[in-house]
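A.B. asks: sequence and predicted model, in that order:
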Amino acid sequence: MKILIVDDNKVERLILLKVLQQEGHQVIEAETGTQAIEAFFEHSPSLVFLDVLMPDIDGYEVASKIKSAENSMWVPIIFLTSLTDAYDLAKCIECGGDDFVSKPINPIIIKAKVNAFSRISNLYETIEKQKREIQFHNDHLIQEQEAAKRIFNNIAHRGCLGAKNINYHLSPMSIFNGDLMLATETPMGSVRLLLADFTGHGLPAAIGALPTSEIFYGMSLKGYAVSDVMMEINSRLHRVLPRGIFCCVITAEIDPFDKTITVWNAGAPEAYVIDMENENIELIHSNHLPLGITSPLNFKYEPTVIAFSENHKFLAATDGIIEATNSDGDMFGGDRILETIKSNISQPNLCETLINQIVVYTEDADQGDDLSLVEITMPEVSLQDEVQKHKSQAQTGTLDSAFSMCLRGKSLGKFDPVPMILQNLVECRELINHRTRLFTILSELFNNALEHGVLGLDSAIKNDKDGFAKYYQLRTDKLTKLKEGFVEVKFDHRPLDEGGEVVFDVIGTGSGFNLEEVLNKPKNSFSGRGLPLLMDLCHSLECFDEGRHVKAVYRWNVED
Amino acid sequence: MSSYIDSNALDELRILMGDELKLLYETFLEDATAKVQQLEGVAAEQDFDKTGRLAHSLKGSSRNIGAFYLSDLCESLEKSAKIESSDNWKFLISDIKDSFERTAAEINHSILQ
């Protein structure tokens, strides 16, 4: 240990020097206060013995100069004093000294003090070292989190959450709270929303967000139904998530043509479908375990389908809002949410209203950071004027090809062939811009053949108030019992001078449907959108074999 | 034999200082000789502050080398300087001088020889 001794009395210095040298310490001597300060900064000792009374600067002043100039290292100062006055002794500590020993110098006490302060110094050194390490690791962690946040936010991007009909509240670090909010327009022209809440915090909670977003955006773009997307997310999470981490999910899809909303809640707090006109609120409760728990075999997607108009609004939140706690330890709770919605039912931005309520309730402005909620009204229909996102590329892929697929009894209604066929079609890159229209044509043709043909369902059922629920129930029942029947879908894609022509043939069993009859129905009725839409999109539409065979021709131009 | 250097203190210093015991006492003599001289001067001038400081310093070093009687005398002087009373200084200074001379003689005779 390097020790500085400061004493104007040479006899005392000699004795102290000897005591310390015998203990193996390196000793630096200073005779005056001025010398002491110089020696301190020149030699950086680990301990200082300091005389109080000195001719130039006294020990008190030396101590305060040394202590005030100290940067990070703590250097103990022990006063050497023959003073006995309590006031003088206290002054030693007040001016920055750490201890005092009385003169004359007693070797045993000096040795004991040095040992004691050496232990404390080591402790300080360890603390300093650990502090630097913690600081280093903390900086590193923050850097990593920032990088991770950028990567995560690129993958789990906000999709179309910025649309005019959506309000949402989501902290920028929400992904590390386990909250995830995704929204996209589908090729079917509907808007699809996902609000997910992973258990846990930090990176483990964020991990699941990656596959969830990839699957949600990837499969939705390709036209897969919500049921397929949810099943895929559940299977993936079931496979990859560690035990104890799972994902509460609310998904909603608004179909502006059918004017319906399809909501499914797996383990999340109740979601709200709000009828602003009739001031009626329907609660959608969870009817499934959170995703990632159930094995793919036991997965069941049973959504609620409700009529949805311009007077409706859908609102969903993660449990943060229910569990927001005030200073008395009471939670905000579902009842208060419902009350807030009721008394602000026509507010254009319910999200903001709710967040403000929570902040008032908890008296904590930062509380909002843990809350994720979203509200959505009817989207504007944009099917017919699809945005040109992709520039045409060289003719490639499946421009000149034919494809056929036939689904029979056990596969029919359980497997949706549309995304797969669509994927085959858009292997011809020029068709990427036509994806939405092709999807609409294919799914209309296939669903007509399945629902009206094979299952013999009458779409007039949907005209009732509760018609949708009834229709989908019937559809499910009939599919479960279905043993026979088939639907065959073919496409034949051929190049034309300025583009190409896709000929669809959809052939099914059952009663078929009468094209003329459907076409004569009023255009604005619920069930009537399918065929008129097909007429609009297709170059030609023909019916054979009493409606059991429909041929549709879609022509596209390079300019499109 | 009446001793101006405490024999226990001397034994301990011998163990501690080893070969440097002589250096320690030489240093003391050098330092103390000067201080006793200065003391006479400042005391004659009735300078309480300087007298007090010198007495304090001499008290410390003499105690360190085992000259307890000299140290006690210096302490008395220091105290009276602190309360700014010079009534007994004449005798005190004379006692200190006398005691120092005898202490020095003893050091020269039994330690430095």
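C.D. replies: Nice, thanks for sending it over.

A.B. asks: isn't residue B:56 up against residue A:83?
C.D. replies: No - contact criterion Cβ atoms under 8 Å: residue B:56 and residue A:83 do not qualify, at 9.1 Å. (Glycine included, C-beta is placed from N, CA and C.)

A.B. asks: in the helix or strand hosting residue A:3, what's buried?
C.D. replies: Using DSSP states H and E, residue A:3 falls within strand A:2-6. Buried residues in strand A:2-6, counted by 16 or more other Cβ atoms under 10 Å in any protein chain shown: A:3-6.

A.B. asks: for stretch B:102-109, same thing?
C.D. replies: Buried residues in stretch B:102-109 (16+ other Cβ under 10 Å): B:102-104, B:106-107.

A.B. asks: the helix or strand where residue A:91 lies - contacts with which helices or strands?
C.D. replies: Per DSSP H and E, residue A:91 falls inside helix A:86-94. Contact here means 3 or more Cβ pairs under 8 Å, 6 or more residues apart in numbering or on different chains; DSSP states H and E; on that basis helix A:86-94 packs against helix A:59-69, strand A:77-81, strand A:99-102.

A.B. asks: who touches the residue in the stretch 151-300 of chain A that chain B sits nearest to in this structure?
C.D. replies: Proximity to chain B, evaluated over the stretch 151-300 of chain A using Cβ to the nearest Cβ, is greatest for residue A:202 at 61.1 Å. Contact analysis of residue A:202 by Cβ atoms under 8 Å, 6 or more residues apart in numbering or on different chains lists residue A:176.

A.B. asks: let's see 10 Å
C.D. replies: Taking Cβ atoms under 10 Å, 6 or more residues apart in numbering or on different chains as the contact definition, residue A:202 lies against A:141, A:145, A:148, A:176-178.

A.B. asks: among those, which ones are in helices?
C.D. replies: Secondary structure assignment (DSSP state H) places A:141, A:145, A:148, A:176-177 from the contacts of residue A:202 within helices.

A.B. asks: interface residues of chain B facing chain A?
C.D. replies: Contact residues, chain B versus chain A (Cβ under 10 Å from any Cβ of the partner chain): B:9, B:12-13, B:15-18, B:20-21, B:23-25, B:27-32, B:35, B:52-53, B:56-66, B:68, B:71, B:75, B:78, B:82.

A.B. asks: from those residues, which land in strands?
C.D. replies: Among the residues of chain B next to chain A, no residue falls in strands (DSSP state E).

A.B. asks: mark which of those are buried, thanks.
C.D. replies: B:9, B:13, B:16-17, B:20-21, B:24-25, B:27-29, B:31-32, B:35, B:52-53, B:56-66, B:68, B:71, B:75, B:78.

A.B. asks: intersect the contacts of residue A:202 with the contacts of chain B.
C.D. replies: Applying Cβ under 10 Å from any Cβ to the contacts of residue A:202, none is adjacent to chain B.

A.B. asks: circling back to that earlier point, out of the buried residues of stretch B:102-109, which comes closest to residue A:439?
C.D. replies: residue B:107 (112.8 Å; Cβ to Cβ).

A.B. asks: mind checking the backbone torsions on the closest one?
C.D. replies: In terms of degrees, to the nearest 10, the main-chain angles of residue B:107 are phi -60, psi -50.

A.B. asks: my read is that it contacts residue B:27, right?
C.D. replies: No - taking contacts as Cβ atoms under 10 Å, residue B:107 lies outside contact range of residue B:27: 11.1 Å.

A.B. asks: which residues are in contact with both of these two?
C.D. replies: residue B:65.

A.B. asks: then the longest helix seen in chain B to CSV, C-alphas only?
C.D. replies: When chain B is parsed with DSSP H, its longest helix is helix B:21-44. Extracted C-alpha coordinates of helix B:21-44, given in CSV (Å, rounded to 0.1, in the frame of the first residue of the first chain):
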residue,chain,number,x,y,z
LEU,B,21,17.5,4.6,17.1
LYS,B,22,20.5,6.9,17.1
LEU,B,23,19.2,8.8,14.1
LEU,B,24,15.9,9.3,15.9
TYR,B,25,17.5,10.8,19.0
GLU,B,26,20.0,12.9,17.0
THR,B,27,17.0,14.2,15.1
PHE,B,28,15.3,15.0,18.3
LEU,B,29,18.2,16.8,19.8
GLU,B,30,18.7,18.9,16.6
ASP,B,31,15.0,19.8,16.5
ALA,B,32,14.5,20.3,20.2
THR,B,33,17.7,22.4,20.6
ALA,B,34,16.4,24.9,18.0
LYS,B,35,12.9,24.9,19.5
VAL,B,36,14.0,25.5,23.1
GLN,B,37,16.1,28.5,21.9
GLN,B,38,13.2,29.9,19.9
LEU,B,39,10.9,29.4,22.8
GLU,B,40,13.0,31.6,25.0
GLY,B,41,12.7,34.4,22.5
VAL,B,42,9.0,34.2,21.7
ALA,B,43,8.1,33.8,25.4
ALA,B,44,10.1,36.9,26.3
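
A.B. asks: quick one: it to chain centroid distance?
C.D. replies: 7 Å (Cα atoms, centre = their mean, to the nearest Å).
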